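> Sharing a model prediction with you, sequence too.
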Amino acid sequence: MTAEVRSLGQKPVVRSGPIHLSGGTLVQLSGMGRRRAGKAGTDLLGHGATALLSWGSAGGLVSTLSPGSLVLPGSVIGVDQSRYSTDPVWHGRLVDRLKGSLDLHHGSLAESATPLKNSIEKRSLFERTGAIAVLWPK
């Protein structure tokens, strides 16, 4: 989403092509969904990116998360229960760099096929997956 990209830097947000931030960082606005994220990742790799990070909004599944919390997941759990691990070295570096300066949490992030409508659905997803946050890929 445009607001999410704006939070990363002062550059104007364009819908096509990467945004160049300081230090050689590239940002690509993808929109929601696997297909769009995949295309953005492919575009970034084509522009020289050597690692990818997804930045976006998610819903909290545990009471320790509040609006504005930053979740750095160690893994992402797909709707089909597939588990995708993040790079442990890169994840550790991010956690070390950001801890103490933000409301930082790390655990798993789960994908939901549909938006969760209430606390019962959130609790159910947490109990099935152990994830602390949820994303809806649309």
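Thanks, I have the structure now.

> gap between the residue sitting furthest away from the middle of the chain and residue 61?
Farthest-out residue of the chain from its mean C-alpha position, per C-alpha atoms, centre = their mean: residue 120, at 23.3 Å. According to C-beta to C-beta, to the nearest Å, residue 120 and residue 61 sit 12 Å apart. The way it works is simple: take the backbone N, C-alpha and C, and place the C-beta from them, glycine included.

> what about the helices in the protein?
Ranges of helices within the chain are 2-6, 34-46, 88-98, 119-129, based on DSSP state H.

> just flag whichever of those helices has the lowest average confidence.
Per-segment mean pLDDT for those reaches its minimum on helix 2-6, at a mean of 56.

> So if we follow the domain assignment, how does this structure break up?
2-46, 59-135 (automatic domain parsing).

> and of the ones you listed, who's closest to residue 52?
domain 2-46 (5.2 Å; C-beta to C-beta).

> can you give me the offset of stretch 116-128 from its chain's centre?
19 Å (C-alpha atoms, centre = their mean, to the nearest Å).
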